[in-house]
Structures are given as C-alpha cells and as structure tokens.
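Trainee: for reference, the sequence and a predicted model appear below.
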Amino acid sequence: MPDYDRVKVVRIADKAVAYCIFNTYDDGTKRMWKNHKWLLEHSITGGIYVVPFDEVIVTPIPYSDNSEYDRYVHEEFSAADKRSLKIKGVKPGLLLSVGVGDGYAFYEVVKVNAAKQLADIEWRGYGPDRWVDQRWGYSKTITFDEADMTRRRSLAFLHE
C-alpha cells in the first residue's frame, strides 16, 4: 500500500476531479486496500468515499506551500469566507472557526431551525492541520446564541 496523504483523484468515467486525504495508517484503509478499493476522505467536507481501484486515477500531491492541493483548499476557503461575510444572522453558509491546538477548526452552518433557534453545523477542512474541535466533532447542532458568539470570534480571527 502506498504511503500517500494528500491526493488528487480523477474519476475515469467523466474526468471529475476531487482532492482527498488517503490515510495510510487507518485500519479501514488497510481493509479496503486488500479488497482493491481506495478509502478516501474529501479534503473540504470530510466525506468518506470507497472507490474501486479501476474507477479512478489517484496521484499523490507532495507537501509545499503552493501545491495544487493547497491552492484548491485556499480557493474553497476564500469562496466560503466571501459567502459567509454576506450573511446576516445565523443561516446556511455561515462560516465559523474555533481555536484548537495551535490552529483552528472550521465549521459551516448547513441547516437552521429558526423556530427552535438551532443550527446544524458541519466540519470543513480549511485549516492546514485539519483540526477538529472535540466538542463539535464533525457535525453538531448548536444554539443560535453559540453560533452568533462563535461568529463574532471568527470574524475577529479571520478579518483582524
């Protein structure tokens, strides 16, 4: 099994491109490899994909400050940030960041229940270390108050 981390994935059928993480040391990855399948994690959403070897071309991307992978993540983050800045209140698309370790974990509001003042959030892989907040994990429902407080902190970090 190759020792990859960040990879470019091209679906053979339609040439669609995705940037993913291939976790070489994960037990699930090792099991899938024995069955001739890739176990890949999407770079932004964290979505997990199991893909047969013969359906995709997987190319490792070396670490560098300006790699194809890094440019993709930066462009996606910039677009999400611009969309988020236009949002008033707690609505889908709102970008939040939480301090974790020596960096930040990023989350996006994906659904709201205005009547109950609740927001569903999902993790986004915008940070270079892909931190995940221990309280929020990869998805969680939070109150509008928590989202609003976190947004104010996020704005201070992202746009100081």
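Mentor: It's in.
Trainee: helix, strand, or coil at residue 155?
Mentor: At residue 155 the chain is in helix, as set by DSSP: H, G, I helix; E, B strand; the rest coil.
Trainee: kindly report the same for residue 152.
Mentor: Going by three-state DSSP: residue 152 is helix.
Trainee: which residue, other than its chain neighbours, is closest to residue 153?
Mentor: Closest residue to residue 153 apart from its sequence neighbours, by C-beta to C-beta, 6 or more residues apart in numbering: residue 97 at 7.5 Å. C-beta: built from backbone N, CA, C; applies to glycine.
Trainee: ok, and for the host helix or strand of the one you found, which residues are buried?
Mentor: Counting by DSSP states H and E, the element that carries residue 97 is strand 95-100. Judged by neighbour count (16 or more other C-beta atoms under 10 Å), strand 95-100 contains these buried residues: 95, 96, 97, 98, 100.
Trainee: pipe the residues you listed into JSON lines and attach distance to residue 12 and pLDDT per row.
Mentor: Converted to JSON lines, these look like this (distance: C-beta to C-beta, whole Å; pLDDT from 0 to 100):
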{"residue": "95", "distance to residue 12": "34", "pLDDT": "95"}
{"residue": "96", "distance to residue 12": "37", "pLDDT": "95"}
{"residue": "97", "distance to residue 12": "37", "pLDDT": "93"}
{"residue": "98", "distance to residue 12": "38", "pLDDT": "93"}
{"residue": "100", "distance to residue 12": "37", "pLDDT": "92"}
